[in-house]
Structure formats: C-alpha cells, structure tokens
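**Q** With the sequence up front, the predicted model follows.
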Amino acid sequence: MLDPARSLWAATANPAPATPALQGDHKADVVVIGAGYTGLTAALGLAEGGASVIVADTVGPGFGASGRNGGQVIPGLKLDPTTLDAVFGEATTDFVGRTADTVFSLVEKHWIECEPIRQGWIQASVKTSHLPALENRMRQWQSRGAPVEMLDAEAMRRRTGGVGFAGGWIDKRAGSIHPLNYARGLARAVLTAGASVHGNSEATKLKRNGSRWTVTFGNGASVLADDVVIATNGYSGSLWPGLKATVIPANSFQVATAPLGSDPLARILPERSAVSDSRRVGNYFRIGPGGRLMMGGRGTFSDPRRPTDYHRITAALRSFFPEVGGVPLEFHWTGRVAMTRDHLPHIHQPAPGLTMALGYNGRGVAMASALGTAIGAHLLDRSNPLPLKLTDIKPLPLHDLHPIYASAMIAYYRLRDALER
C-alpha cells in the first residue's frame with residue numbers, strides 16, 4: 001500500500017526545524033494559520049518588520065502542497081498579460097511577472113539550501129494548433145521586457161531530450177527548487193527573525209474578541225491577536241464559513257524514476273529547465289534530486305493506493321522519454337492543488353483584521369511566496385497595497401459533489417485535448 005505523502009522530497013529533505021505544538025494561552029500582533037509558502041513568507045516579513053508573530057499548522061511546515069509540489073518556480077499566471085491588465089491593472093501584471101524573483105531572492109537572502117536552479121521554464125506543446133496562442137503569450141511578456149523566446153520542434157528536442165513536442169516557449173525568469181527544503185528553510189528564517197512556529201496545532205475556532213481575534217486550538221491552547229492570516233489553501237477546513245468551498249482540492253499525482261545514468265542525463269533536460277505541456281490536462285516534468293526524472297499531472301480525487309493508480313503519469317513519462325522505459329519508478333506521491341473557478345488566486349478580508357489567500361491553480365511556489373510577502377508588508381503598513389483585488393468568499397455550488405462534476409470536466413478536457421491536432 002502506497003503512502004501518498006511519501007515523496008522524493010521527503011526522502012531527500014534536510015531535517016525539519018523543531019516546531020513543537022502550541023501550549024497555553026498567548027498574545028501576538030499576528031497569528032498565521034498554515035505553515036506553507038503563503039503563511040511562512042507573510043510571517044517572515046512581519047517578524048522582520050518588528051511584529052510579534054505566531055505560526056501554527058495542523059501538521060508542520062511544508063506538509064501540504066508546499067512540500068509536495070513539482071518545485072517549478074514559474075512567474076505569471078495562466079492568463080496572458082493583456083488579460084491580466086484588463087482584470088487587475090498593469091501593476092498586478094508587473095507583480096505576477098516578478099514572483100519568481102521573490103523566491104530566488106528569499107533563497108539567497110536567507111541562505112536556504114533548496115537546490116535552486118534558474119534555467120527557465122518551458123511551456124511545451126504536443127499540439128501544433130496551440131503554437132499561435134503560445135507565441136502570442138510569449139510576445140506579450142517579451143514586450144514587457146521578459147527574457148523569453150519561442151522554441152521550434154528541433155529546439156524542443158535539444159532542450160528536453162523528449163519526443164513528440166511540436167514547439168513551445170521558454171521563460172528564463174523561471175527555475176526550480178527542492179520544495180520541501182524551501183518550506184523548511186523559510187520556517188528556519190521565520191524562527192531566526194523571532195517568530196514562533198508550531199506544528200501539530202490545529203486551529204479549531206476563530207472568534208472576534210472586541211477589536212482583536214481569539215484563535216483556539218484543538219488541545220485547548222489559544223492566541224489573542226490583532227490580525228489573523230489564514231493560509232491553508234487546498235487543505236482548508238471549516239475554520240471560516242464557506243472558505244473551503246471556494247476551491248476544488250484536486251490531486252496532482254507525481255512519480256520519480258531511479259537515478260539516471262550520465263548518458264541519459266546528458267540528453268534529457270540537459271540545461272535542467274522545468275517543463276509543462278500546454279494541454280488542458282497536461283503534464284509537468286524536470287530532473288530532481290539524484291538525477292531522477294520526475295513527472296506529474298492531474299489524478300483522481302481519491303488518494304492513490306497502489307502504483308497502478310499512477311498509470312496515466314507513468315504512460316506519459318514513457319511516451320515522452322522512451323529511452324528511460326526500462327528505468328524503474330522509485331517514488332509515487334500526491335498533493336492537493338487548490339483550483340478556483342476563474343483560475344486565479346484570491347485574497348479575502350471578510351472582517352477587520354482577517355486576511356485569507358488561496359487558489360494558486362498549480363502556480364503556487366512563486367505566487368504564494370510573493371503573495372505572502374505582500375500580505376506581510378500590507379499588515380505592517382496598510383499603505384502598502386495588496387497586489388490583487390479583494391474578492392468576496394463565494395462557495396462553489398454543490399461543492400460537496402466536486403469529485404463527480406470536476407472528474408466529468410477533466411474527462412471533457414481530455415477529450416478536447418485528444419481531438420485537437
């Protein structure tokens with residue numbers, strides 16, 4: 001029986017910092033619920049700015065998507081820059097274009113050992129019909145000064161070592177990291193800055209107490225704080241009414257091979273770029289620790305229990321890289337990606353002193369880090385604007401049935417992908 005949390009990252013991670021469970025009653029300027037990228041970067045900025053901060057997580061730093069994702073640091077969102085301009089304004093487009101800079105700056109500033117590689121991200125296509133849209137997106141970022149370029153089929157073959165790609169584009173602002181080591185490194189930086197970080201501390205109740213908030217935890221501990229940041233993303237529960245139902249927690253399945261030899265590593269992703277394909281239900285891949293080829297993609301909504309549950313991802317890996325067809329798969333794991341109806345992240349402030357951010361739609365490494373940093377700066381000084389417009393909490397209709405209707409939608413998208421040329 002597989003453990004869906006037993007990832008390549010967990011097997012190769014640095015030791016976790018000590019984050020004992022919260023005990024007793026406390027006061028703080030800010031309490032942060034969730035020790036993923038959003039919560040940790042918000043806490044880091046707040047603590048460095050002089051605020052007293054307590055971070056609490058149901059399990060520990062990086063347990064959720066922040067420690068299980070593909071480690072691809074991709075700037076931007078899934079919308080083109082001109083669409084972002086129309087929806088949010090040029091300042092937001094500029095912000096999302098710089099999100100990868102935020103990650104690599106944090107890594108450098110805090111000496112986080114997370115194997116940072118900044119060799120770009122390739123959005124690849126197996127569909128000739130997708131190439132005009134990809135070139136349009138590339139041109140829009142290029143006009144804003146981004147270091148991007150188109151890649152033809154031959155360039156894709158050289159850069160990926162894979163087969164079947166019609167073309168794509170590369171964004172050299174992007175790169176990759178070891179995601180769990182990044183989360184644990186952020187937690188260490190938060191502790192060094194003077195905040196406290198606590199695992200095994202599930203927030204079970206949130207109550208307005210005059211002008212402040214009281215957060216109560218499962219073991220009876222409590223924190224009285226001026227501000228609360230809820231940063232639980234795809235692992236959100238019932239702490240705030242309706243929040244959980246604003247996102248669909250879709251499983252992203254991932255596999256990693258045994259270490260490849262020097263010959264295939266010289267051909268497969270020789271520059272160590274990260275890659276995603278442009279299909280509606282596509283795959284993403286990179287070289288991971290120990291020279292392993294990793295691939296991920298959308299899976300079922302139930303947690304996988306055996307290697308055969310990963311058959312789609314395994315088949316995609318063998319199809320793109322037939323030369324590693326005989327290499328065994330050493331790791332199979334999954335994590336929740338928080339998907340929103342409009343494919344955009346959201347910031348909510350439903351009450352004074354309460355801020356929430358979630359819904360990264362597969363772009364969480366860069367976007368969550370930058371958005372958490374921005375939230376911390378905003379709470380230190382309200383004259384610092386948030387980079388996204390505030391939205392109301394709008395639960396998805398029939399959210400409890402999301403495994404059924406979302407599975408149907410994925411099947412529809414797969415059919416459309418299959419019919420396109």
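**A** Thanks, I have it.
**Q** residues touching S238, list them.
**A** S238 makes contact with K244, according to C-beta atoms under 8 Å, 6 or more residues apart in numbering. The C-beta positions use only the backbone N, C-alpha and C, and glycine is treated the same way.
**Q** how near is it to T232?
**A** 11 Å (C-beta to C-beta, to the nearest Å).
**Q** Where does pLDDT dip in the stretch 301-421 of the chain?
**A** Scanning the stretch 301-421 of the chain for pLDDT under 70 picks out the ranges 401, 405-406, 409, 411-413, 415.
**Q** Next: the chain.
**A** 1-2, 4-5, 401, 405-406, 409, 411-413, 415.
**Q** mind listing the helices for it?
**A** 8-12, 37-48, 81-87, 90-97, 99-109, 131-143, 153-160, 179-192, 262-267, 311-320, 364-380, 402-419 (DSSP state H).
**Q** what does the fourth one contact?
**A** Residues external to helix 90-97 that are found in contact with it (C-beta under 8 Å, 6+ apart): 75-77, 81, 84-85, 141, 144, 146, 173, 367, 370, 374, 387-388.
**Q** Quick check on the residues you listed: which are buried?
**A** Buried members of those, scored by 16 or more other C-beta atoms under 10 Å, are 75-77, 81, 84-85, 141, 146, 173, 367, 370, 374, 387-388.
**Q** re earlier: can you list the helices of the chain in a markdown table and add distance to L329?
**A** Listed next are these as a markdown table, based on distance: least, C-beta to C-beta, whole Å:
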| stretch | distance to L329 |
| --- | --- |
| helix 8-12 | 10 |
| helix 37-48 | 27 |
| helix 81-87 | 38 |
| helix 90-97 | 34 |
| helix 99-109 | 28 |
| helix 131-143 | 30 |
| helix 153-160 | 19 |
| helix 179-192 | 19 |
| helix 262-267 | 15 |
| helix 311-320 | 7 |
| helix 364-380 | 23 |
| helix 402-419 | 22 |
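**Q** Quick one: closest of these to V275.
**A** helix 153-160 (6.0 Å; C-beta to C-beta).
**Q** quick one: that closest one to helix 311-320, angle?
**A** 110 degrees (axes from the mean of the first three to the mean of the last three C-alpha atoms, to 10 degrees).
**Q** Buried deepest among the helices of the chain, which one?
**A** Each of the helices of the chain was assessed for mean neighbour count using mean count of other C-beta atoms under 10 Å. The highest is helix 37-48, with a mean of 29.
**Q** what does that helix rub up against?
**A** Contacts of helix 37-48 (C-beta under 8 Å, 6+ apart): 29-30, 32-33, 53, 55, 57, 61, 66, 102, 106, 182-183, 186-187, 189-190, 193-195, 197, 229, 231, 233, 357-358, 364-365, 368-373, 375-377, 379-380.
**Q** got the angle for that helix vs helix 364-380?
**A** Going by the same axes, to 10 degrees, helix 37-48 makes 40 degrees with helix 364-380.
**Q** Centre of the chain to helix 37-48, how far?
**A** Here helix 37-48 is found 16 Å from its chain centre; the criterion is C-alpha atoms, centre = their mean, to the nearest Å.
**Q** tilt between it and helix 179-192?
**A** Going by the same axes, to 10 degrees, helix 37-48 makes 20 degrees with helix 179-192.
**Q** List the beta-bridge partners for the residue nearest to N209 when sequence neighbours are not counted.
**A** Spatial nearest neighbour of N209, chain neighbours left out: L224 (6.5 Å); criterion: C-beta to C-beta, 6 or more residues apart in numbering. Beta bridges link L224 to K27, T214, judged by DSSP bridges.
**Q** residue contacts, L224?
**A** D25, H26, K27, A28, N209, R212, W213, T214 are the contacts of L224 under C-beta under 8 Å, 6+ apart.
**Q** ok, the last one - contacts?
**A** Right, T214. K205, L206, K207, S222, V223, L224.
**Q** Pick out whichever of those residues sits closest to I122.
**A** L206 (42.3 Å).
**Q** That closest one pairs with what?
**A** Taking DSSP bridges, one obtains V215 as the residues bridged to L206.
**Q** Am I right that it is in contact with A225?
**A** No - between L206 and A225 there is no contact under C-beta atoms under 8 Å: 10.4 Å.
**Q** between these two, who's got more neighbours?
**A** Legend: neighbour count by other C-beta atoms under 10 Å for L206 and A225, higher for A225 (24 against 18).
**Q** Neighbours of the residue lying closest to that one once chain neighbours are set aside, how many?
**A** Nearest residue to A225, sequence neighbours excluded (C-beta to C-beta, 6+ apart): V31, at 4.3 Å. When neighbours are defined as other C-beta under 10 Å, V31 has 28 of them.
**Q** So V31 sits against D226, correct?
**A** No - counting by C-beta under 8 Å, D226 is not a contact partner of V31; they are 9.2 Å apart.
**Q** returning to what we had before: any chance of TSV for the contacts of L224, columns distance to A250?
**A** Shown next, in TSV, are these (distance: C-beta to C-beta, whole Å):
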residue	distance to A250
D25	38
H26	35
K27	38
A28	34
N209	36
R212	36
W213	31
T214	33
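**Q** Please indicate which of those residues are buried?
**A** Buried among the contacts of L224 (16+ other C-beta under 10 Å): H26, A28, R212, W213, T214.
**Q** that older thread, name the nearest of the contacts of helix 90-97 relative to S252.
**A** Closest approach between these and S252, by C-beta to C-beta: M367, at 15.4 Å.
**Q** I figured the closest one was touching K78, is that so?
**A** No - assessed by C-beta under 8 Å, M367 is found out of contact with K78, at 10.5 Å.
**Q** what's the overlap in contacts for those two?
**A** Counting by C-beta under 8 Å, 6+ apart, nothing touches both M367 and K78.
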